[in-house]
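S.K.: 3D model of this:
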Amino acid sequence: MAADSDPESEVFEITDFTTASEWERFVSRLEEVLNDWKLIGSRGEFTSGSWGETSQDIQFADFKFYISHHFLKQECEQDDGKEQLEDVAMQDLLCMNNDFPPRAHCLVRWFGIREFVVISPGTNCEAITSESKCNLLLSSISISLANSGSQVPVFVQIQQKWRRVYAGECQGPGVRTDYEMVHLRKVPSQYNHLSGLLDVFKSKIGCTLSPLPPINISIRFTYILQDWQQHSWPQQPPDFDTLLGGEVGGVEFGKLPFGACEEPIGELHLAATWPHLTEGIVVDNDVYSDLDPLQAPHWSVRIRSAENPQCLLGDLLTEFFKLCCRKESTEEVLGRGLADEEGKENSDISSALSKLTEPTATVPISKLSVSSMVHSARKHIRRHRRVDESPLNTDVLNSILLYLFPDAAVEKSPENSKNKTNPSLRPRVQNLSLQLKSAPSSSLTYRLALCACLVNYNHGGLRAVAHLWQEFVLELRYRWENNHFIYGLPAGPPDLRCCLLHQKLQMLNCCIERKRAREETRKVLEGSRERRLPPPEPTAAREVSPGKSWDSWSDSEEEFFECLSDQGDMEAEKDGSKSRAEGRLHPFNNTTLLHCAEPLYVPVTQEPAPMTEDLLEEQSEVLAKLGTSAEGSHLRARMQSACLLSDMESFKAANPGCVLEDFVRWYSPRDYVEEELVDETGNRAVKGELSPRMKIPGNMWVEAWETARVTPARRQRRLFDDTKEAEKVLHYLAVQKPADLTRHLLPCILHAAILKLKEEGESRWFGFVMTSDGKSLRAQSGQRVHLRSDFINQLMLMETAITRARSLKAKFASCEGGKEEDAEELEKFVSSLLEEPEVVVMGGGQGPAGSIIHRLFVNAQRAALLPPLDDDLCRDQKPTGGSHKVPDFPSPAGREILLRTCVPRPAPYSKALPQRLFCVLMKEEFRLAGAFSSDTSFF
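M.R.: Numbering: from 1, shown residues only. Take a look at the predicted model:
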């Protein structure tokens, strides 16, 4: 009983003897796919429509099949009724408007269908070569079509995939169409012409009617032009006179190469078509043929571009981009011995400190020549380097340096050596520079990128780039030490919108500007002091001047300097408000001080310290590490108020007797609130006070005001230590590896490449590239190197497209004295060749483009078949159809013949149904693709 009451004892296994076989499962799965796709037929034009594809995987036991649905997309849905959709496949067999589609699946060309399904073996599966397996699949297709009611043709791929052999079936109401195919490697001699193919077609359809219904014929012959020797190729050769003459300077190094090193157009395919012919109109047998391509009513052309033609700009960018992956430092590239020799001259710390402390103007600056400075800047390196050890020879190096620093070509005074930038830069070019985060096209950084790229490509690769960079850094140090501005940099603080290297160079230029201003003002003060001192003691005064306070010098209010000692500040603070005002710029809006009637003056203040983006990041990290504690917040506020403290000290010096409210009225007017009051007598008075945020206990402004001393800007400690910052910049540049330099300059090179593409005049793709990838190049990190590689590939594609367009324009250029209409037609023809897969030649062989194509074939035939001596004799003769021994056209590379008719099958009293045979005859291929329909109503 216990066993009987157990629920599990009631469960028993049922054996189903009606289990479906693997073949039945395959047929059922195929029906499900056809029903899910709802295959009822589609309409559209082959030439203008676009094709879609959906796919799934199905299994036959352990064999995997790939089933795909190809269909012509419809621009708009049309409900034409079921009666019109039922015979779509039948209509396609007889349609004459889409005989040779330019871009479609091979089955579309062979059978003229708009929608079909293909079942092919899956990846890594063996081909279906046995006849039994093929018949099994065709039987599965037939059953699935009958059960699902689908009227879309279904094909199965048999034999090896490279042979592209298909067999299929299509079912309709009372109609079945069988798709068959024959594929051979050689063309049988009896079927090498139209008459033999007609015999095959007639025997296949087996029509016993007399007379036989007319057979519609369409023929296309394809001729291939591969020889362009007789036509000039529009690639400008290099200027060898300039190269050999030694003038390799600005003209050569300022230009990027452009163009293809080989013919970018590989082949031109001419298709001569005879549509809508009938049997008897044209003769084509083994003895005679009427099919002359010059007499063909329709010509169409397509081009096949050369695969990956070598282009100069693309090679230049690729080779330069490869430097990003190198790990060697400059010392490792140029050799350790050279670096040691240079270190001996620069490693003496005492001499370095003396350079910072001793006066630098031991030689009058006005007697220094920039051109002599350029040559003396490299003497100590060349003393220890033999000529054969230098990656760059002296002439090339001098040309590069003169291109980078053109102010060295003519002796100029230091005042005139500062770069004069062009203020009228085009906004679009400036916008491009910002998008790429590169540098202005007129800047030194941009020219350096061009030189580094060209040196890497033409003058020695990595070692030459390292040598150029070493000389460049050395030139910058000499300009810093001799107070010469760096040519080619805009004035002002570093532009954070540009690349980091450009910011560093701008920072060095700012240091040179501050240093020059400080030393020139020092000279003015020394001269003023000498005029005030008694004549007998000028030498003694000069001896003590370096260690003496600035208080004993002139009261110039237009410049500021670092105080050499705190003694002057202490003496100035002792006087307090009784000391006379210093560092005044101009009165502030007729405003007076609150506690006295003195006017309020705007002080001379120190300019804020310029910073590059890496310094800003470091400062942000330091401030973030202070935390959120009270002490950290207080320290952070003090660090950020250095400029505020300096301005308060300058304000106190310019306005003796002032208070914090006076400073706020000038510095932050919104923090001083004024209101109008009426006293007892009715007089109106304006009373002001600090804003609520200024009255918060522990306010940093109040604390800074209390600690601020009475010190004019010229005696304050410098907010921006130009000496320290310049040495930091020079050290940063000196330790850069060639790979680091490449990453810095890569945005500038891409900038230059885009401008070069625009200069060539074929910049239709310019906007698309900048929209898609321009913003991604703003990243300087190595994580986005693949984005820059993709961007370079797009630029290479643009260069290839431009060279192809240039080559086609040169080949299809109209002759002098031609009609304007012909020139416009040829221009449209070339544009269509670049954009469309196949272009119709207006007028056939008699039109403007057809005449040029004919001449190209004639020249190629002469070059291939005539001896060289006979070429000059036949050059001026006009070719005619039969008078020449050399034919105008070569033998057709491919012949396509399409036969169509409508006959009753399988019996004479059956319904007349469309029959079609597509024939392909090539040198190593013979293919027959037939679609034969049968009436199944009573059969």
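
S.K.: look up how far residue 797 lies from the residue positioned nearest the centre of the chain.
M.R.: Computing the C-alpha centroid of the chain and ranking residues by Cα atoms, centre = their mean puts residue 791 first, at 3.3 Å. Noted for residue 791: a distance of 11 Å to residue 797, by Cβ to Cβ, to the nearest Å. The way it works is simple: take the backbone N, C-alpha and C, and place the C-beta from them, glycine included.

S.K.: one step back: mind giving me the packing neighbours of the host helix or strand of the residue nearest to the centre of the chain?
M.R.: Per DSSP states H and E, residue 791 falls inside helix 785-811. Secondary-structure packing of helix 785-811 (3 or more Cβ pairs under 8 Å, 6 or more residues apart in numbering; DSSP states H and E): strand 265-278, strand 298-305, helix 312-322, helix 738-759, helix 766-773, helix 820-835.

S.K.: and the last one, average pLDDT?
M.R.: I take that to be helix 820-835. The average pLDDT within helix 820-835 is 85.

S.K.: next: the first one.
M.R.: In this model, strand 265-278 has a mean pLDDT of 91.

S.K.: ok, now the second one?
M.R.: Averaging the model's pLDDT scores along strand 298-305 yields 92.

S.K.: pick the most buried one from the helices and strands packed on helix 785-811.
M.R.: Of all these, helix 738-759 carries the top mean neighbour count, a mean of 22, counting by mean count of other Cβ atoms under 10 Å.

S.K.: out of the helices and strands packed on helix 785-811, nearest to residue 664?
M.R.: Nearest to residue 664 among the helices and strands packed on helix 785-811 is helix 738-759 (43.9 Å), distances taken as Cβ to Cβ.

S.K.: helices and strands around that closest one, which ones?
M.R.: helix 312-322, helix 427-436, helix 444-458, helix 462-481, helix 500-532, helix 766-773, helix 785-811.

S.K.: buried ones in the longest one?
M.R.: Spelled out, it's helix 500-532. 500-516, 518-522, 525, 529 (16 or more other Cβ atoms under 10 Å).

S.K.: where does pLDDT dip in the stretch 301-450 of the chain?
M.R.: 336-389, 409-430 (pLDDT under 70).

S.K.: ok, back up a step: quick check, the residue nearest to the centre of the chain in contact with residue 750.
M.R.: Yes: counting by Cβ atoms under 8 Å, residue 750 is a contact partner of residue 791 at 6.5 Å.

S.K.: the strands in the stretch 601-750 of the chain, which residues?
M.R.: 672-678, 684-690 (DSSP state E, counting those that start in this stretch).

S.K.: and the angle from the last one to strand 672-678?
M.R.: The reference is to strand 684-690. Angle of strand 684-690 versus strand 672-678, following axes from the mean of the first three to the mean of the last three Cα atoms, to 10 degrees, is 150 degrees.

S.K.: separation between residue 166 and residue 138?
M.R.: For residue 166 relative to residue 138 (Cβ to Cβ), the value is 11 Å.

S.K.: neighbour-wise, which of these two wins?
M.R.: Each of residue 166 and residue 138 has its neighbours counted (other Cβ atoms under 10 Å); residue 166 has more, 24 against 18.

S.K.: distance of the more buried one relative to residue 401?
M.R.: 68 Å.

S.K.: same thing with residue 900?
M.R.: Distance from residue 900 to residue 401, by Cβ to Cβ: 76 Å.

S.K.: just send the helices and strands packed on helix 785-811 back as CSV, with distance to residue 459 too.
M.R.: Converted to CSV, the helices and strands packed on helix 785-811 look like this (distance: least, Cβ to Cβ, whole Å):
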stretch, distance to residue 459
strand 265-278, 32
strand 298-305, 32
helix 312-322, 12
helix 738-759, 14
helix 766-773, 29
helix 820-835, 36
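
S.K.: closest to residue 587 out of those?
M.R.: helix 738-759 (47.2 Å).

S.K.: and the closest one with helix 462-481, angle?
M.R.: Using the same axes, to 10 degrees: helix 738-759 against helix 462-481 is 90 degrees.

S.K.: okay, angle between helix 738-759 and helix 444-458 too, please.
M.R.: 100 degrees.

S.K.: begin at 454 from here
M.R.: Taking 454 as the first residue, the last one we looked at is helix 1191-1212.

S.K.: what about helix 1191-1212, average pLDDT?
M.R.: Here the average pLDDT along helix 1191-1212 is 88.

S.K.: that helix vs helix 765-775, what angle?
M.R.: 160 degrees.

S.K.: gap between residue 1104 and residue 1037?
M.R.: In terms of Cβ to Cβ, residue 1104 sits 10 Å off from residue 1037.

S.K.: more neighbours: the two, which one.
M.R.: More neighbours surround residue 1104 than the other of residue 1104 and residue 1037, with 25 against 17 (other Cβ under 10 Å).

S.K.: tell me the SS of the closest residue to residue 1361 other than its chain neighbours?
M.R.: Spatial nearest neighbour of residue 1361, chain neighbours left out: residue 661 (5.6 Å); criterion: Cβ to Cβ, 6 or more residues apart in numbering. Here residue 661 is coil, with the state taken from DSSP: H, G, I helix; E, B strand; the rest coil.

S.K.: which element, helix or strand, includes residue 1344?
M.R.: Counting by DSSP H and E, residue 1344 is part of no helix or strand.

S.K.: that one and residue 760: what is the separation?
M.R.: Distance of residue 1344 to residue 760, given as Cβ to Cβ: 25 Å.

S.K.: what about the two, which has more around it?
M.R.: residue 1344 (9 against 6).

S.K.: my read: residue 709 touches residue 769, true?
M.R.: Yes: between residue 709 and residue 769 there is a contact under Cβ under 8 Å: 6.5 Å.

S.K.: joint contacts of these two?
M.R.: 906, 907 (Cβ atoms under 8 Å, 6 or more residues apart in numbering).

S.K.: skipping its backbone neighbours, what lies nearest residue 893 in space?
M.R.: residue 886 (5.7 Å).

S.K.: now the helices for the stretch 604-753 of the chain?
M.R.: 647-658, 693-697, 703-706 (DSSP state H, counting those that start in this stretch).

S.K.: which one of the ones you listed has the lowest average pLDDT?
M.R.: Across those, the lowest-scoring stretch is helix 693-697, with a mean of 45.

S.K.: how many neighbours does residue 663 have?
M.R.: 5.

S.K.: let me fix that: residue 921
M.R.: Residue 921 has 27 nearby residues by other Cβ under 10 Å.

S.K.: would you mind measuring from it to residue 893?
M.R.: 21 Å.

S.K.: what do you get for residue 1119?
M.R.: 36 Å.

S.K.: what about these two, which has more around it?
M.R.: residue 893 (23 against 19).

S.K.: doesn't the more buried one lie inside a helix?
M.R.: No: going by three-state DSSP, the assignment for residue 893 is coil, not a helix.

S.K.: now do it against residue 952, distance only.
M.R.: 11 Å.

S.K.: re earlier: adding distance to residue 1377, write the helices and strands packed on helix 1191-1212 out as a markdown table.
M.R.: Output for those, formatted as a markdown table (distance: least, Cβ to Cβ, whole Å):
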| stretch | distance to residue 1377 |
| --- | --- |
| helix 765-775 | 35 |
| helix 880-889 | 50 |
| helix 897-911 | 43 |
| helix 915-934 | 48 |
| helix 953-985 | 58 |
| helix 1219-1226 | 41 |
| helix 1238-1264 | 29 |
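
S.K.: among these, which is nearest residue 859?
M.R.: That would be helix 897-911 among the helices and strands packed on helix 1191-1212, by Cβ to Cβ, at 9.4 Å.

S.K.: helices or strands up against that closest one?
M.R.: Counting by 3+ Cβ pairs under 8 Å, 6+ apart, helix 897-911 packs on helix 703-706, helix 765-775, helix 847-857, helix 915-934, helix 953-985, helix 1191-1212.

S.K.: reformat those as a markdown table; add distance to residue 1131.
M.R.: Below are the helices and strands packed on helix 897-911 laid out as a markdown table (distance: least, Cβ to Cβ, whole Å):
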| stretch | distance to residue 1131 |
| --- | --- |
| helix 703-706 | 75 |
| helix 765-775 | 76 |
| helix 847-857 | 71 |
| helix 915-934 | 64 |
| helix 953-985 | 52 |
| helix 1191-1212 | 65 |
